[in-house]
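**Q** Below is the sequence, then the predicted model.
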Amino acid sequence: MSIKIRVVLDWEEEDVLRDLLVPADLNLDQLHLAILQSFQLSPGEMASFYHSNEDWEQGHEIPLMPFDDRQTSMKDLQVQHVLGEEGDRLLYVYDFLEMWTFFLEVLSAEGPDTERSKVVLIQGMRPEEAPKRPEAQGSNDLFADLDLDLDEFNDFDDYQE
């Protein structure tokens, strides 16, 4: 059995998506590589899948590499276990510095058998740089959302040990 998954880049300027047909028994780490290849991104950065609901809220993390022995990683799960039914969704984030963010949704879970991943639809071209998320735009000030008066900390001449 194969599963048809729509992968959409989180970018407001243009629709950029790929439809992938993947074997149901494909591990998530192999799906991760198929996504990278379909969007022409180079492997080598950290990534995670996140369970999601119909509102695309970020849920439980499935990392590429576990940080402790109790954590389930991408290599431990097959696509059919997390994307086994039509409408199932995951978020996928690649390169935590650049934050390439993708939405995954199962279009069909009863496809013909396939032995390897295939790109069956390409729409739009990936931008050269990761799209900036709306909450990250507008300010480079890390403390902009805090209610602090930072001016009172700028006068270090008054500091005495």
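**A** Great, that's in hand. Numbering: from 1, shown residues only.
**Q** From now on I want contacts and neighbour counts done on CA atoms only, so please keep to that.
**A** Noted.
**Q** ok, and what's touching the strand ranked longest in the chain?
**A** Selection of the longest strand in the chain by residue count, based on DSSP state E, yields strand 100-111. For strand 100-111, the external contacting residues (CA atoms under 8 Å, 6 or more residues apart in numbering) are 1-10, 56, 83-94, 130-131.
**Q** Just those residues: which are in strands?
**A** Using DSSP E, those in strands are 2-9, 89-94.
**Q** Any idea which residue is closest to the centre of the protein?
**A** Tyr92 (1.8 Å; CA atoms, centre = their mean).
**Q** Got a PyMOL select line for the buried ones in the contacts of strand 100-111?
**A** Remark: buried members of these, expressed as a PyMOL selection using 16 or more other CA atoms under 10 Å:
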select buried, resi 2+3+4+5+6+7+8+9+10+83+84+85+87+88+89+90+91+92+93+94+130+131
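**Q** The top helix by length along the chain packs against which elements?
**A** Ranked by residue count under DSSP state H, the longest helix found in the chain is helix 28-38. Applying 3 or more CA pairs under 8 Å, 6 or more residues apart in numbering; DSSP states H and E, one finds that helix 28-38 contacts no other helix or strand.
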